[in-house]
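1. Sequence first, predicted model second:
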Amino acid sequence: MEKSELYENKIRWGDAFMILFDINDPKSFDEVTRIRYLISHYHTPQRLEYLKHKVMDKIRNANEDREKQVKTDQWFNPPVILVGTHTDRRNKDSIPTKTAKEKAQELECGFTEISNKESSHDDIRQPFCNLYRSYRAQTHRPRNQKDTKLINVKESSDPRVKPHASPELNRRMTRGSGRVDRMFGSRLGRGDPHRGKSPSLGVVS
Ligand SMILES: Nc1nc2c(ncn2[C@@H]2O[C@H](COP(=O)(O)OP(=O)(O)OP(=O)(O)O)[C@@H](O)[C@H]2O)c(=O)[nH]1
């Protein structure tokens with residue numbers, strides 16, 4: 001199997017994603033846009049299809065308004081967080097925090113910066129916790145809190161409106177392919193009643 005195929009397969013099984021880039025490596029920063037696009041492209045439409053069938057079973061006899069309400073409550077957009085690493089080696093040529101933050105906003109994902117070498121255990125743990133919380137907020141949303149939204153994911157990221165993220169993102173994706181080094185995944189959390197398995201975390205660096 002081609003390396004890129006392996007990579008994309010891993011994106012397919014993820015339920016939540018952490019995209020890592022080295023703040024001192026512009027190439028890894030450039031790669032972020034492509035990875036975000038792949039997540040949106042491979043993941044969201046499939047999940048929506050899955051949810052659509054589930055929801056259709058529930059609302060078979062309901063009227064149109066009720067159908068809309070249930071669908072709105074059920075759409076799933078995988079939480080993604082952008083993580084800049086190597087902050088202990090920041091220098092004048094590093095990707096500025098502001099630039100990276102703007103990129104995260106543009107790509108509709110969360111953002112943080114860490115040093116795997118020097119950050120505290122809590123600082124390293126935080127993005128994992130946020131991601132897991134975001135995942136839970138979507139898949140275990142209580143019926144009486146229908147307006148609960150993902151932290152850092154804008155209303156406009158509703159995949160029914162923009163199946164493959166923003167036009168700007170699509171435009172950028174047509175320019176150059178960039179480099180993908182590798183991706184690895186791990187399991188997070190306890191059982192996931194939503195799919196009958198544990199949620200999967202995709203970590204992309
Ligand atoms: N100083 C410092 N070193 C780091 C940090 N994060 C990772 N490293 C080191 O950077 C090297 C590459 O880390 P990896 O986690 O393998 O990152 P990667 O993007 O997969 O790297 P490549 O396989 O080289 O593409 C390793 O030697 C790590 O120990 C960091 O925040 N600060």
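-> Received, thanks.
2. Look at Asp93 and tell me its secondary structure.
-> The three-state label given to Asp93 by DSSP: H, G, I helix; E, B strand; the rest coil is coil.
3. And the closest residue in space to it that isn't next to it in sequence, how close does it get to the ligand?
-> Nearest residue to Asp93, sequence neighbours excluded (CB to CB, 6 or more residues apart in numbering): Asn24, at 7.1 Å. Using the backbone N, CA and C atoms, a C-beta is placed for each residue, glycine as well. Relative to the ligand, Asn24 is positioned 9 Å away (CB to the nearest ligand atom, to the nearest Å).
4. check contacts around Asn24.
-> Applying CB atoms under 8 Å, 6 or more residues apart in numbering, we find Asn24 in contact with His86, Arg89, Arg90, Asn91, Asp93, Ser94, Ile95.
5. I'd like these laid out as a markdown table, including neighbour count and distance to Gly14.
-> Listed next are those as a markdown table, based on neighbours: other CB atoms under 10 Å; distance: CB to CB, whole Å:
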| residue | neighbour count | distance to Gly14 |
| --- | --- | --- |
| His86 | 20 | 24 |
| Arg89 | 13 | 28 |
| Arg90 | 16 | 29 |
| Asn91 | 7 | 33 |
| Asp93 | 8 | 32 |
| Ser94 | 20 | 28 |
| Ile95 | 20 | 24 |
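6. Restricting to those, which residues neighbour the ligand?
-> With CB under 6 Å from any ligand atom as the criterion, the contacts of Asn24 include His86, Arg89 near the ligand.
7. thinking again about what came up before, just say helix, strand or coil for the residue nearest to Asp93.
-> When the rule is three-state DSSP, Asn24 gets the label coil.
8. Contacts only, for the closest residue to the ligand within the chain.
-> Using CB to the nearest ligand atom, the closest approach of the chain to the ligand is made by Asn116 at 3.5 Å. By CB under 8 Å, 6+ apart, the contact set of Asn116 is Thr85, His86, Ile124.
9. hey, what's Glu113 bridged with?
-> Judged by DSSP bridges, the bridge partners of Glu113 are Gly84.
10. Please name the residues that touch it.
-> Shown in contact with Glu113 (CB under 8 Å, 6+ apart): Ile23, Val83, Gly84, Thr85, Thr87, Thr97, Ala100.
11. Let me have those in TSV, adding pLDDT and neighbour count as columns.
-> Below are these laid out as TSV (pLDDT from 0 to 100; neighbours: other CB atoms under 10 Å):
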residue	pLDDT	neighbour count
Ile23	98	25
Val83	97	26
Gly84	97	28
Thr85	97	20
Thr87	97	20
Thr97	97	14
Ala100	97	21
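12. and Glu102, how many residues sit next to it?
-> If you count neighbours by other CB atoms under 10 Å, Glu102 ends up with 12.
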